[in-house]
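**Student:** any chance you can model this:
(2 chains)
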Amino acid sequence: MADSPVITRFAPSPTGHLHIGGARTALFCWAFARRMGGRFLLRVEDTDQARSSEASARGILEDLAWLGIDWDEGPLLEAGRSEGGRAIGGDPRGVGPFFQSQRRAVYDGVIDGMLERGSAYADFSSSAELDARRKRATEANETFRYRPDDGEILPVAEQRRRIDAGESHVVRLRSPQDPVRVVDEVLGEVKFGAGEVDDFVLRKPDGFPTYHFGVVVDDETMGVTHVLRGQEHLMNTPRHVVLQRVLGYRMPVYAHMPLIFNDKGAKMSKRERDQTAREAVKTAGLTAPPPGTMDEHSFGAWLSDKKRQLETRQLEALAGAMHLRLPEVSVDDFRRAGYLPEVICNFIALLGWNPGMKNEDGTDLEKFDRDFLARHFDLARIGKTNSRFDRRKLESFNHDAIGAMSDDEFARRWRGWCAVHDPGLLAKIGARFPLLAAAVRPRCATLADGRDVGGFALIDDDAVVYDPGAVKKHLLKGEPSGLSLLARLGEALARVEPWEPGAIQATVERFAAEAGVGIGQVAQSLRVAVTGTGVSPGLGETLALVGKAGVLRRVGRCGERAAFSGRA
RNA sequence: GGCCCCAUCGUCUAGCCAGGUCUAGGACGCCAGGUUCUCAUCCUGGAAACCGGGGUUCGAAUCCCCGUGGGGUCACCA
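**Tutor:** Residues are numbered from 1 along each chain as shown, chains lettered A, B, ... in the order given. Presented below is the predicted three-dimensional model:
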């Protein structure tokens, strides 16, 4: 309907990185707004003074922009500056600001009215008292609900006087004890009995609103029509609905989405990464930090304290030194690990939503882009069941996406990634980068894999490390042995001109035919001689990358190695 | 523990709302073959699920109830 545009919002709390679950929530909010021709807005819920940070807010905004999730209203962000740039956000309707910390006057105005009407009251009791009561209730195995009798609440004038005197206090909702019924777009009808909602806090002693109060006031003020959020918020809904009723607000449409767990079936959390690393350190029996990762003191402190978390940089350095793969949990993690933003969007959309369409070959349609989501996303097809995050499948999707790219496109993307995450590779490979990219592309599941696959091209010629197994299998065995072919092969290769994959390949094939041995044997001996292992991209590409001089040097060095006398 | 949600292959799911066409389809992973100079691709084939018990019905993966299991939530965090 033209007169009732859909308005959705994503409202992250800037206390850390954007979690993959949060990214999905944002994506669904975005997709739904797009599909309905509505607006998607972003609001930063920075009401926890101790934990919120500007850097975190900035990071979350950038992660969203990177995923291609752009908001119509919200904080301004200059995104993609390197690629022409675009500005996201703004306040066309004048409903901002979009940082809750800047909206105190709005909340205070609402609170004042509630205090006057007696629908809220100031509570001057200390949090210590409350904690004690809560503890007693818990020990007695009772549910603790803060709900004083009418007589215990101070007269309005008295409240006013003590507030004006500057006494520390919280403001609580005088909660009507009515049942609440919500028809959730995902879960259907959900009922909450009368008395489930207690006199929860609306405004904290520091003057900042609580989450519940901020959400309800802002959603109303900003005209939010549809609230899409994780199921962990389901039990917050009756609170919000009660508040809305007290304030005479409209109730938005709710849609609670299933949760995403890690592959172990536990909630995905940042601690996982530290846990994984800590376990690896312990099984490896490491007692000191690997060189260049961190100092001994922080290492020891981190190792002995399960709750302690390393800085991202330290953790990554440690994992790198130990050749350890850390589980990704934030968008930022996936980005550094070399996943493509469009693949992440595709994959997380599938965690809880399904288009329910078939491809022409009868298989289920599950590969799609953001534009598809913007055209087909709907609430009705959001599932109810929690899902596990299957990294193998994500990897497969990413691999397929890379496989579908042209060499040029891949080179462009990989170069962009390297510029941020692996500048050393760019410096080392120089002008041969396009060649490397082409060779490596079909073998990469992530952009980070390129370094491993093409590692042979990134080392010095005399730094090749020979894998004993490969040497034994491909150089020492057989008659004639690979080793014995190498010298003559070198001579043949020296005459190759121009030095490019096709010509190299042809020469090797001719050599094999003339020597009367299989192409496989020749190729493998050469591969081992040049890369040190029996695995690499196609032989022509591999040799082309190393360069003629490099290949001849490596072949020569390989032939000289006494270590190949058979004892390996 | 109270309240609330959920339940199809190992994992993500289609099918369920409008019961029969389901000897339950697909994807990832796994296993076995084939193509290939290795690897990765690619091709072919395979194993693999309706949580249990009651109903309703001629007929239930689909509807209802109970049980069990899993999850969420119980802050002056969001």
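
**Student:** spell out whether stretch A:50-57 and RNA strand B are in contact.
**Tutor:** Yes: under the criterion of CB under 7 Å from any atom of the strand, stretch A:50-57 makes contact with RNA strand B via residue A:51. To be clear about C-beta, it is placed using only N, CA and C from the backbone, and glycine gets the same treatment.

**Student:** can you spell out which helices and strands pack onto the helix or strand containing residue A:435?
**Tutor:** In the assignment (DSSP states H and E), residue A:435 maps to helix A:433-440. The contact analysis (3 or more CB pairs under 8 Å, 6 or more residues apart in numbering; DSSP states H and E) places helix A:433-440 against helix A:407-421, helix A:449-453, helix A:539-546.

**Student:** these: which one's closest to RNA strand B?
**Tutor:** helix A:539-546 (3.6 Å; CB to the nearest atom of the strand).

**Student:** buried ones in stretch A:142-153, by neighbour count?
**Tutor:** With burial defined by 16 or more other CB atoms under 10 Å, the residues of stretch A:142-153 counted as buried are A:146, A:153.

**Student:** that stretch close to RNA strand B?
**Tutor:** Yes: residues of stretch A:142-153 are located near RNA strand B by CB under 7 Å from any atom of the strand, namely A:143-144, A:146.

**Student:** try stretch A:265-283
**Tutor:** Yes: contact of stretch A:265-283 with RNA strand B (CB under 7 Å from any atom of the strand) involves A:265-267.

**Student:** and of those residues, the nearest to residue A:340?
**Tutor:** residue A:267 (25.5 Å; CB to CB).

**Student:** list the contacts for the closest one?
**Tutor:** Going by CB atoms under 8 Å, 6 or more residues apart in numbering, residue A:267 touches A:259, A:261.

**Student:** can you give me the helices in the stretch 451-568 of chain A?
**Tutor:** Per DSSP state H, counting those that start in this stretch, the stretch 451-568 of chain A carries helices over the ranges A:468-471, A:482-494, A:501-515, A:519-531, A:539-546, A:548-560.

**Student:** how about stretch A:510-521: buried residues?
**Tutor:** So for stretch A:510-521, counting by 16+ other CB under 10 Å, buried means A:511-512, A:517, A:521.

**Student:** for stretch A:106-121, that is, sorry about that
**Tutor:** Within stretch A:106-121, the residues scored as buried using 16+ other CB under 10 Å are A:106-107, A:110-111, A:114-115, A:120-121.

**Student:** same thing with stretch A:68-84?
**Tutor:** Buried residues in stretch A:68-84, counting neighbours by 16+ other CB under 10 Å, are found at A:68-75, A:77, A:79.

**Student:** that one - what's its average pLDDT?
**Tutor:** The predicted model assigns stretch A:68-84 a mean pLDDT of 83.

**Student:** stretch A:31-47 too?
**Tutor:** pLDDT averaged over stretch A:31-47 gives 97.

**Student:** for it, what is the distance to the chain centroid?
**Tutor:** 19 Å (CA atoms, centre = their mean, to the nearest Å).

**Student:** dump that stretch to CSV, restricted to CA.
**Tutor:** What follows is stretch A:31-47, C-alpha atoms only, in CSV (Å, rounded to 0.1, in the frame of the first residue of the first chain):
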residue,chain,number,x,y,z
ALA,A,31,15.8,-7.5,1.8
PHE,A,32,12.3,-7.1,3.2
ALA,A,33,12.3,-3.4,2.9
ARG,A,34,13.6,-3.6,-0.6
ARG,A,35,11.0,-6.2,-1.6
MET,A,36,8.2,-4.2,-0.2
GLY,A,37,9.4,-1.0,-1.7
GLY,A,38,9.9,0.4,1.8
ARG,A,39,12.8,1.9,3.7
PHE,A,40,15.6,0.3,5.8
LEU,A,41,17.1,2.3,8.6
LEU,A,42,20.1,1.8,10.8
ARG,A,43,20.2,2.9,14.4
VAL,A,44,23.1,2.6,16.8
GLU,A,45,22.1,1.5,20.3
ASP,A,46,25.0,2.9,22.2
THR,A,47,23.3,3.3,25.6
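
**Student:** is that stretch anywhere near RNA strand B?
**Tutor:** Yes: applying CB under 7 Å from any atom of the strand, one finds stretch A:31-47 in contact with RNA strand B at A:45, A:47.

**Student:** of all the residues in the stretch 401-550 of chain A, which ones are close to RNA strand B?
**Tutor:** So the stretch 401-550 of chain A meets RNA strand B at A:403, A:442-443, A:505, A:519-520, A:523-524, A:527, A:534-540 (CB under 7 Å from any atom of the strand).

**Student:** and the buried residues of stretch A:68-84 near RNA strand B, which?
**Tutor:** Okay, of the buried residues of stretch A:68-84, nothing touches RNA strand B (CB under 7 Å from any atom of the strand).

**Student:** which of those lies closest to residue A:224?
**Tutor:** Out of these, the member with the shortest distance to residue A:224 (by CB to CB) is residue A:73, at 10.7 Å.

**Student:** surely the closest one and residue A:98 touch.
**Tutor:** Yes: using CB atoms under 8 Å, residue A:73 is in contact with residue A:98, at 7.3 Å.

**Student:** tell me, what's touching those two both at once?
**Tutor:** In contact with both residue A:73 and residue A:98: A:41-42, A:89, A:91, using CB under 8 Å, 6+ apart.

**Student:** most neighbours among the residues you listed, which one?
**Tutor:** Of all these, the highest neighbour tally under other CB atoms under 10 Å goes to residue A:41, namely 27 neighbours.

**Student:** for residue A:452, give me its contacts.
**Tutor:** Neighbouring residues of residue A:452 by CB under 8 Å, 6+ apart: there are none.

**Student:** that one and residue A:425, how far apart?
**Tutor:** 11 Å (CB to CB, to the nearest Å).

**Student:** can you put the buried residues of stretch A:106-121 in a markdown table and add secondary structure and pLDDT?
**Tutor:** Shown next, in a markdown table, are those (DSSP: H, G, I helix; E, B strand; the rest coil; pLDDT from 0 to 100):
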| residue | secondary structure | pLDDT |
| --- | --- | --- |
| A:106 | helix | 98 |
| A:107 | helix | 98 |
| A:110 | helix | 98 |
| A:111 | helix | 98 |
| A:114 | helix | 98 |
| A:115 | helix | 97 |
| A:120 | strand | 97 |
| A:121 | strand | 97 |
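
**Student:** OK, now which residue of the stretch 201-350 of chain A is nearest to RNA strand B?
**Tutor:** For the stretch 201-350 of chain A, CB to the nearest atom of the strand, closest residue to RNA strand B: residue A:211, 3.0 Å.

**Student:** gap between that residue and residue A:219?
**Tutor:** Residue A:211 is 12 Å from residue A:219, by CB to CB.

**Student:** who's more crowded, the two?
**Tutor:** A side-by-side neighbour count of residue A:211 and residue A:219, using other CB under 10 Å, places residue A:219 first with 23 against 19.

**Student:** I'd guessed that one sits against residue A:252; true?
**Tutor:** Yes: in this structure, residue A:219 is within contact of residue A:252 by CB under 8 Å, at 6.1 Å.

**Student:** overlap in contacts, these two.
**Tutor:** residue A:227.

**Student:** hmm, back to that, closest to residue A:13 out of the shared contacts of residue A:73 and residue A:98?
**Tutor:** residue A:42 (12.4 Å).

**Student:** excluding its backbone neighbours, what's nearest that closest one?
**Tutor:** Using CB to CB, 6 or more residues apart in numbering and skipping residues adjacent in sequence, the residue nearest residue A:42 is residue A:74, 3.2 Å away.

**Student:** what about residue A:93, how many neighbours?
**Tutor:** 13.

**Student:** the one 10 residues further on too?
**Tutor:** Burial measure for residue A:103: 20 neighbouring residues, criterion other CB under 10 Å.

**Student:** show me the contacts for it.
**Tutor:** A:97, A:214, A:218 are the contacts of residue A:103 under CB under 8 Å, 6+ apart.

**Student:** look at the first one and say how many residues are nearby.
**Tutor:** It refers to residue A:97. Applying other CB under 10 Å, we find 14 residues neighbouring residue A:97.
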